[in-house]
Every structure is written in structure tokens, then in C-alpha cells.
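Q: Following is a predicted model, sequence given first.
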Amino acid sequence: MNKEQSKLINGFKHTLYETQSLSEREMIKSSQEYFGFLDKRRSVRDFSERVVPRQIIENIIKSASTAPSGAHKQPWTFCAISNPEIKFKIREAAEVEEQENYSGRMSENWLQDLAPLGTTMEKPFLEEAPWLIAVFKRVYEIEDGKKHNNYYVNESVGIACGMLIAAIHNAGLVTLTHTPSPMNFLTKVLARPENERPFLLLPVGYAKEPAYVPEIHRKTLDEVAVFYG
Ligand code: IYR
């Protein structure tokens, strides 16, 4: 077999991919354990104010940024906020929007669907969590003074956020995928440029002791998968 270290495709260098060599038994064990690990993750709304070192947040963001993206444009910016004044401003602006949401903008059905989760217009976690990560999608880039649209931006940033959430869980921390709506205020508070749009806001920290999460059940494999053998 031809196993050169690299080759050229369209004049671009491609390097040999190093496969993980696991036996089938090891793969079964590893995939089962990873499911068990991810299945323990919960969205947590009660945060401890205990400090989380910046290095952990940096590693989590680096993990998220390994996500695949359209044409490898990596169309994301992660804003990591520990500054209390900025967190206060974000909480204030999010609660203004949520007040509108909970008192009219959301339908009766929507409110009923949220009842089991116990959410309200109050968002203390936006100040209590030691870190907020505001994820922005980069709709386009400016290069040589010209606008270049990115590709599959929502898909790419969505995948990166999934990986971010898994990395947060792996670090022993908790988060919540918070989408205050609308969230344009994040652009202003964080002074983001015109090519970036807010995508998701995640408080990150330790769970409060004790913290309670709603008793919910995940769909079974049969409910979520169809196999075509
Ligand atoms: N954005 C609101 C409402 C909300 C909507 C959904 I869909 C949720 O899963 C949870 C909350 C809020 O954050 O309270």
C-alpha cells in the first residue's frame, strides 16, 4: 500500500491521517462509555459563584474550535466574559427581552411546554456563573476590503456549540444553552463587528450545591434512529 507521508491535491498538501487503532471490543467499550458520560450531562440553571480558572475556559474554547466547518472557514467567535459589570449589563438586557417574552411574546402553548423546566423571566445565572460564553457566528469575512460570505454558518457554529457543551461537561462544569430572544443587545454590549451575529449565550461554572434539574427522559434509540440494513 502506498503510505507516503503526504501528497498534493490541486497543488495543496494533504498529510497522512493517523487512524486510532482500536480493536472492535475497545470500540464497543469506548462508545458505550462515551454515551454513559454524555448521558450524565444536564442543562443546569443554578450556578455556584466559585471561580473557574481562565485556562479551563481557554481549553474548552479550543476544543469547540476543532469543529468541522463549511470550507474550513471556522466562522465563529467565542467571547468569554468574567467581568462583573459586563455580566450585569448582559443580565439586565436579557431580562428586558425575557419580560416581554414571558408576558405576551410567547404563545400559551410555548409557556405550557416550558412549565416542566421551571424557567422564568429572571436570569440570575447570567451574573452568578463565573463565566459567560457568548458565541457569535461570522456571516462573512472582510479580506482585501472585499466581503466573502462564509458557508453553512449555522450548521458549523451549531456543531462547534455541541462540542463546546461536551467539553464543558468533560471539564466537570455545567452550562445552559441560553437564547435570550432577540439577543442583538450582545452585539452592542460586547462591541462586536458588523460581520458577527449572536448565536448562543452559555453561562459556565460549577453547579450550585445543591442544584435541582427537572426530571426529564430522553427518547430511546428506537424513537430517534432508523436503520437501513
Ligand atoms: N428564552 C426564554 C424562554 C425559553 C425558551 C425555550 I424553547 C427553552 O427551552 C427555555 C427557555 C428563556 O430563556 O427563559
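A: Good, I have the coordinates.
Q: just checking, Thr119 is part of a strand?
A: No - using DSSP: H, G, I helix; E, B strand; the rest coil, the secondary structure at Thr119 is coil, not a strand.
Q: tell me which element the residue most central in space within the chain falls in.
A: Residue closest to the mean C-alpha point of the chain, counted by C-alpha atoms, centre = their mean, is Cys161 at 2.7 Å. Taking DSSP states H and E as the definition, Cys161 sits inside helix 153-170.
Q: Buried residues of that helix, list them for me.
A: 153, 156-161, 163-169 (16 or more other C-beta atoms under 10 Å). For every residue, glycine as well, the C-beta is placed using N, CA and C.
Q: For whichever helix or strand comes after it, which outside residues touch it?
A: Next helix or strand after helix 153-170 toward the C-terminus (DSSP H and E): strand 174-175. The contact list for strand 174-175, computed with C-beta atoms under 8 Å, 6 or more residues apart in numbering, reads 42-44, 47, 133, 165, 168-169, 202-207, 211.
Q: mind saving the C-alpha coords of the next helix or strand after strand 174-175 as CSV?
A: Sequence order places helix 185-189 as the next helix or strand after strand 174-175, per DSSP H and E. Below are the C-alpha coordinates for helix 185-189, written out as CSV (Å, rounded to 0.1, in the frame of the first residue of the first chain):
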residue,chain,number,x,y,z
PHE,A,185,-28.0,43.5,22.6
LEU,A,186,-25.0,41.2,22.8
THR,A,187,-23.5,42.8,19.7
LYS,A,188,-23.7,46.2,21.4
VAL,A,189,-22.6,45.2,24.9
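Q: Quick one: name whatever helix or strand follows helix 185-189.
A: strand 196-205.
Q: what's the closest non-adjacent residue to the residue in the chain positioned nearest to the ligand?
A: Across the chain, the shortest distance to the ligand (C-beta to the nearest ligand atom) belongs to Thr119, at 4.1 Å. Closest residue to Thr119 apart from its sequence neighbours, by C-beta to C-beta, 6 or more residues apart in numbering: Arg45 at 7.5 Å.
Q: who touches that neighbour in this structure?
A: Here Arg45 is in contact with Gly118, Thr119, Phe125, Leu176, Ala211, Val213 (C-beta under 8 Å, 6+ apart).
Q: if you set the cut-off to 10 Å instead, what comes out?
A: Arg45 makes contact with 117-120, 123-125, 128-129, 174, 176, 178, 203, 207-208, 211-214, according to C-beta atoms under 10 Å, 6 or more residues apart in numbering.
Q: What subset of the residues you listed is buried?
A: Thr119, Lys123, Phe125, Glu128, Ala129, Val174, Leu176, His178, Pro203, Ala207, Lys208.
Q: close enough to count as contact, the second one and Ile90?
A: Which is Lys123. Yes - counting by C-beta atoms under 10 Å, Ile90 is a contact partner of Lys123 at 8.8 Å.
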